[in-house]
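1. here is a sequence with its predicted model. Questions after.
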Amino acid sequence: MKSNLNKIDQYISLKDNLLIAAKIFCAILLVTFIKYQGISLFIRSSATILLLGGLILPKLVKHPLFWLVIASFNLIHLVENYFSSANHQFLFVYYSFIFSLAFTNEEEQAEEFLIKSFKYMFIVVMGLATLHKAFSLFYWQGGLIYDYMLRGGILKYFVTMIDSNNSAITVLNAQKLEAFIGNYASIGQGIKLQEPLPWLSSLASILSASVILIEATLTIMIASNRFQRIKHWLYLSFVISTFFFRMENLFLSTIALTGFVLCPKENETIRSTYFIIILYFLSLSVLSLMPGFYY
């Protein structure tokens, strides 16, 4: 394993925290701007050209003005689609500004600034998200995770193994919900979805409580300078388990990038695991752009 990691490091220096993180974030944003049709054509085309340049040209990706322009594009998109924007699109704005500020410093100070900024941002965002879930009766009752289960997610393969008819049920639920959300006449109305398995709601409640506990533990551990190895294995477990319910690959890539930046350089195995997971999620995002691709 050690020799394989050394071979990876010969071609991609995983120790160059700043450059690798910047290029990974470039790739995440590039897929985002290509994927989302709601972004104006001018912003999509301009951002695509800039981000391709950032991936190819090290000097460009390390320029503060480059990230300031990208942050502006992200901010405009966020304002235009504020009520339909996902959580990670807010992170895109924050992280773009962080990179812009980081590259105004010398290399060592820039890396330190990036790590501290990502750390504090994670503590604030994850801490607030945990509090929001903890005070939400809907979440405690398993509502959000139950909703994901009814629509499938990776668990659709699990429920299909139990009964082959369950796959059709989750697909129909997803179609019903998509039509319901996209119809203005449905505002204030309810929708009934079919339950593939009778005990899914109970499982959702247990998993919801587990998520709150894990997120709270992660927030405390990241805030602490202790538990370096344990907290990153827990973080990786959190990212991977989230994938089973929310196959939002760009969101997961961004969360995994945060772990990569925060992980000490001496933990080569964990950093390489973060890197491989990010590449996997990004590859799924790219494949999803291709006609006929489905998973």
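-> Arrived safely, thanks for sending.
2. could you use CA atoms for every contact and neighbour count after this?
-> Noted.
3. what's the distance between Lys116 and Thr269?
-> Using C-alpha to C-alpha, to the nearest Å, Lys116 is found at 22 Å from Thr269.
4. which residues of the chain score low on pLDDT?
-> Within the chain, the stretches with pLDDT under 70 are 1-15, 37-38, 82-87, 143, 148-168, 170-171, 173-197, 290-295.
5. identify the single longest helix in it, thanks.
-> If you go by DSSP state H, the chain has its longest helix at helix 107-134.
6. against Leu257, how distant is the residue sitting nearest the centre point of the chain?
-> Nearest residue to the geometric centre of the chain (C-alpha atoms, centre = their mean): Phe251, 1.9 Å. In this view, Phe251 and Leu257 are 10 Å apart by C-alpha to C-alpha.
7. likewise for Trp67?
-> 17 Å.
8. helices of the stretch 151-295 of the chain, start to end?
-> 155-162, 165-181, 200-223, 228-243, 249-262, 268-287 (DSSP state H, counting those that start in this stretch).
9. out of those, which is the most enclosed?
-> Looking across the helices of the stretch 151-295 of the chain with neighbours counted as mean count of other C-alpha atoms under 10 Å, the highest average goes to helix 249-262: a mean of 22.
10. measure how that one sits relative to helix 200-223, angle-wise.
-> Calculated by axes from the mean of the first three to the mean of the last three C-alpha atoms, to 10 degrees, helix 249-262 forms an angle of 30 degrees with helix 200-223.
11. what's the angle from helix 249-262 to helix 268-287?
-> In terms of direction (the same axes, to 10 degrees), helix 249-262 departs from helix 268-287 by 160 degrees.
12. format the helices of the stretch 151-295 of the chain as TSV; extra columns: distance to Asn74.
-> Converted to TSV, the helices of the stretch 151-295 of the chain look like this (distance: least, C-alpha to C-alpha, whole Å):
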stretch	distance to Asn74
helix 155-162	32
helix 165-181	24
helix 200-223	26
helix 228-243	24
helix 249-262	14
helix 268-287	18
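13. burial of Phe33, as a residue count?
-> A total of 23 residues lie near Phe33 under the criterion other C-alpha atoms under 10 Å.
14. next helix or strand past the helix or strand hosting it?
-> Assigned by DSSP states H and E, Phe33 falls within helix 17-35. Per DSSP H and E, helix 17-35 leads on to helix 41-56 as the next helix or strand towards the C-terminus.
15. that following helix vs helix 17-35, what angle?
-> Here the directions of helix 41-56 and helix 17-35 differ by 150 degrees (the same axes, to 10 degrees).
16. other residues contacting the next helix or strand after helix 41-56?
-> Using DSSP H and E, the helix or strand that directly follows helix 41-56 along the chain is helix 58-61. With contact meaning C-alpha atoms under 8 Å, 6 or more residues apart in numbering, helix 58-61 is reached by Leu19, Ala22, Lys23, Gly53, Gly54, Leu55, Phe66, Trp67.
17. neighbours of the last one, how many?
-> Burial of Trp67 is recorded as 28 neighbouring residues (other C-alpha under 10 Å).
18. wait, it touches Ser100, no?
-> Yes: the pair Trp67 / Ser100 is scored as a contact, 4.8 Å apart, by C-alpha atoms under 8 Å.
19. most surrounded residue in the contacts of helix 58-61?
-> Within the contacts of helix 58-61, Trp67 tops the neighbour count with 28 neighbours, counted by other C-alpha under 10 Å.
20. name the residues that touch stretch 96-109?
-> The contact list for stretch 96-109 (C-alpha under 8 Å, 6+ apart) reads 22, 62-68, 70-71, 110-111, 113-114, 117.
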